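Asker: Build me a structure from this.
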Amino acid sequence: MKHTHWVRTGIAAVLVAAAMGGAMPVMAASAGQEVSAADSQLRLSTQDFDLVLDRSSHTLVSLSPRSAAGFDFVPSGRLAERQGDGFYHIGDIDLRLRFAGEDAWRDFSTAHQRRPVAPLAAGGAVLAAADLTPALPGDMPLRIERRWVADKGQLVLRFRISNPTGRAVEIGGLGLAMVFDNILSGRSLEEAHEQASFADPYIGRDAGYIQVTRLNGKGPTLLVLPEKGTPFEAYKPILDERDETGRPKLFHDGTRRGQTFEGFYDWMVASKGFAEKEWAGAEQWNPPTSLQLAPGETREIGVRFALSPAIRDIEQTLAANDRPVAVGIPGYVVPMDMPADLFLKAPQKVKSVSAYPAGSLKVTRSGAVKGWARYKVEGRSWGRARLDITYADNSVQSVHYFVTKPTAEAVADMGRFLTTRQWFDDPNDPFKRGPSILSYDDETGDLVLQDGRVWIAGLSDEGGAGAWLAAIMKQLGAPEEGEVAKFERFVTETLDGHLQANQGPEAFGVRKSLFFHDREALPDFPYDPNIDWSTWASWDKKKSHSFARSFNYVHVAAAQWVLYRLARYHEGLVKAHDWRWYLNRAYETSIAMVRHDPYYSKFGQMEGDVYIDILNDLKREGFNAEARALEAVMRGRAQHWAEDAYPFGSEMPWDSTGQPEVYAWMRYFGHDEKAEQTREVILGYDPTIPHWGYNGNARRYWDFLYGGKIRQIERQLHHYGSSNNAIPLFDAFRRNPEDTYLLRVAYGGLLGSITNIDQKGFGSAAFHANPDLLKFDPYTGDYGTSFFAHAYTTAAYLVKDATFGWLGYGGLVDQSGATVAITPKDSFRNRLFIAPAGLWLTLDAGKFQRAEYDAASGRVRVFLDSATRHAPKAYLNVQTTVAGKPAYRPASYDAEVRGSYVYDLSTRPTVVELTPVAAEAAN
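Answerer: Coordinates of the predicted model:
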């Protein structure tokens, strides 16, 4: 949820970072080092970078890659307002330590109170060196030296930590500040894409790294790699709390966090001291450790800065730097009926592989391919799991997994939970919210009937519509008669005429919320006195019943479109209205969005891809006037996007919401270059990383404020951005099956959305990434928007990877000679892509049981499940998506309807033979 217009009220300004001052030009650097005493900065250079250090602190002021002139990975343009006490920079170090035998930890940071460091001799490979003792309090027992080094052409930051005392010291917290230019405050959308970057962590211990990608998706990409003895154990946010004088507290930064600034982080080499205190009770990604320094002992740690020429080249760059590389297929979410592949390449041999918790994963070595060791990973117990891979040099790599139920089973659990535990049917409710499917608090086990953010209890906006949206999207591919019947009650008794107007000049407008806080309108209603009703979010009746919020319309249109599909292609499921009524309502809602909210509808909408399906179905059904009207409206929106440098605006200064719809309409109207730009921008904030939480996880960090129970600025794992941003990546892959990177990122987001569903079927808004939580939020929130994209894109993919050979994404693969088969195991089993043929098969009704591809002849044989009560016929769509690939046609079929091949199903599987017939350009 994104509310720029709320900022204008002034009250919400506390949630948004204050705009920063004007940007300074990035300082030019010359080769070697300038040592003018009048200069407050040291200008240095390496093979890859021009860099600038602050002369007083020796922290990093600028880090400019020589291959991208004018770009800076660190916020040098904010230097004027980010100087002095409490402002972190790369080169700062945080420490929590105690003498052996003591219980209490003591905290130190070079960023807290700025004092000049003591320069040490530099020369040769050492670009700059300093003793940090003067920059730390006098009771710091350790001596710390910092060196900036050019090693084999790369920039390296090293710390030498010595214990000069006569007592052993335990370091329970050791954090290296990772400060990159992710500050969006005061920047236009174009400036943000050209100047800013996002950092994503692989919290993988000795094999961990941070990748820093530019918002525009262009190279180079910065990789921060660990030196020996510098494991990436945890990723600690550097928060922004202040003391009573207004100064940043210890371990806190002075830059205000908010919707325009996520905050900076510490690379934690040791974290035991935090796990015992602030993070107590949270299960950490890796075992928290501490460092022991005996009297007179010295330990050296450090990180190096490497450049990858492009995002897709990150793994090759890691391997070139002798780093262990892990590639999970289809990712790191493992449904119990769908084993995953793990490919490992490392300079050291694997000594052992162990799972935590014990028995959570079964790992079997399954050979090698082109220098990669291959392992089969099977999920055995639900929830988070970790593989610890120990190499011959005793270094350890952690790969983080999540084990789910079979996806079809998890989705079925969710459907039951939504239509039972989240079902609300109180005829006396003054807000007329029943019957409906309401938001849920899994912590209390109750429906959310009141919340100061009224939409959460009001069936609208993402945070309130999420529950019923998930319920109807589940029916798209796994309809259940009782659940559809309940949803039709919601449509006929609550949606039509209450949540959505159905007559007069406001017809088809969608209200912002049915619930509201208005003591004049409802003087006798028992509003909860424990809720703060004084904020901007507690809309009165007039504001709640406003139709001026475009983002609400998409949820309603999607629901109406699904019911049209169910009524048109299934028998006996939909009873309240016929298919014409639902398709017409989907059309009217789509048109009403622009009519009732012309301002926000100019932005890309989450779930906005559904408008293309509504348009195409109008055409197929012969609703020509309606199709022309909708296409004209959408053309106007698309033309606006085509003319923008970066057409991804929303209510927010930067967002990952609008890109999927922008991509879809750019493709539809032939703006292919803009669609490709959109694809690359998505890759800039949506990574592939050996960690279930970050793999395919499109960046979101503010929506806990608007849809979660635990409200704070915090990196969200598998919020709705993940699955929604997978939609264009899937489409782009089907157009270019050679680019398997797209499929890997997309499938990470697709399966990530299943982790939100717990063992009983409750679907959470997102997972809290902060190390004091590391758990799913207790509110349903806007999970429905996430599940929309899962339902919209779930499919099985048969791929022949250039490196790894035949692979299945969402299905099990077996091979016999030239014939390769895939057995779909995805949530719906109604979409299938044969990548070498560029063949996209979809079912409007029916299920795929199995498909066989003859790599020699190109022939495809498809097995369809037997008939069911509501799906006695299968409707098969056949499309070639790759230009120049042969078209496919079935050898036989029973009828052809609306472009689909129809098959009368029986009690036995139906076999469909598909043969390539002629070259055909992709649609």
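Asker: quick one, helices of the stretch 601-750 of the chain?
Answerer: 610-620, 624-643, 659-668, 672-685, 704-707, 720-735, 740-755 (DSSP state H, counting those that start in this stretch).
Asker: a markdown table for those, including mean neighbour count and mean pLDDT?
Answerer: In this view, the C-beta of every residue, glycine as well, is placed from N, C-alpha and C. Shown next, in a markdown table, are the helices of the stretch 601-750 of the chain (neighbours: other Cβ atoms under 10 Å; pLDDT from 0 to 100):
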| stretch | mean neighbour count | mean pLDDT |
| --- | --- | --- |
| helix 610-620 | 20 | 98 |
| helix 624-643 | 17 | 97 |
| helix 659-668 | 26 | 98 |
| helix 672-685 | 21 | 98 |
| helix 704-707 | 24 | 97 |
| helix 720-735 | 27 | 98 |
| helix 740-755 | 27 | 98 |
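Asker: okay, the ones you listed in CSV with distance to Ala558 next?
Answerer: Putting the helices of the stretch 601-750 of the chain into CSV (distance: least, Cβ to Cβ, whole Å) gives the following:
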stretch, distance to Ala558
helix 610-620, 5
helix 624-643, 15
helix 659-668, 12
helix 672-685, 21
helix 704-707, 18
helix 720-735, 12
helix 740-755, 16
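Asker: do you know which of those lies nearest Gly254?
Answerer: Nearest to Gly254, of all the helices of the stretch 601-750 of the chain, is helix 704-707, at 21.5 Å by Cβ to Cβ.
Asker: Now do the closest one: which elements does it pack against?
Answerer: Helix 704-707 is packed against helix 461-477, with contacts defined by 3 or more Cβ pairs under 8 Å, 6 or more residues apart in numbering; DSSP states H and E.
Asker: so which of the helices of the stretch 601-750 of the chain gets nearest Glu506?
Answerer: Across the helices of the stretch 601-750 of the chain, the minimum distance to Glu506, taken as Cβ to Cβ, is reached by helix 624-643, at 18.1 Å.
Asker: The closest one vs helix 672-685, what angle?
Answerer: If you take axes from the mean of the first three to the mean of the last three Cα atoms, to 10 degrees, helix 624-643 sits at 60 degrees to helix 672-685.
Asker: Tell me the gap between helix 624-643 and the middle of its chain.
Answerer: Distance of helix 624-643 from its chain centroid, counting by Cα atoms, centre = their mean, to the nearest Å, is 29 Å.
Asker: contacting residues around it?
Answerer: Under the criterion Cβ atoms under 8 Å, 6 or more residues apart in numbering, residues 584, 587, 590-591, 594, 601-602, 604, 611, 614-615, 618-619, 647, 662, 665-666, 668-669, 671, 674 lie in contact with helix 624-643.
Asker: got the contact list for Leu222?
Answerer: Leu63, Pro65, Phe73, Phe180, Ser197, Gln211, Val212, Phe305, Ala306, Leu307, Ser308.
Asker: among the residues you listed, who's most crowded?
Answerer: Ranked by neighbour count (other Cβ atoms under 10 Å), the contacts of Leu222 have Phe73 at the top, with 29 neighbours.
Asker: Look up the pLDDT of that one for me, please.
Answerer: In the prediction, the pLDDT value recorded for Phe73 is 98.
Asker: what helix or strand does the nearest residue to it once chain neighbours are set aside sit in?
Answerer: Leaving aside its sequence neighbours, Phe73 sits nearest to Leu63 (Cβ to Cβ, 6 or more residues apart in numbering; 4.6 Å). In this assignment (DSSP states H and E), Leu63 forms part of strand 60-65.
Asker: what's downstream of that strand, the next helix or strand?
Answerer: Downstream of strand 60-65 (by DSSP H and E), the next one is strand 93-99.
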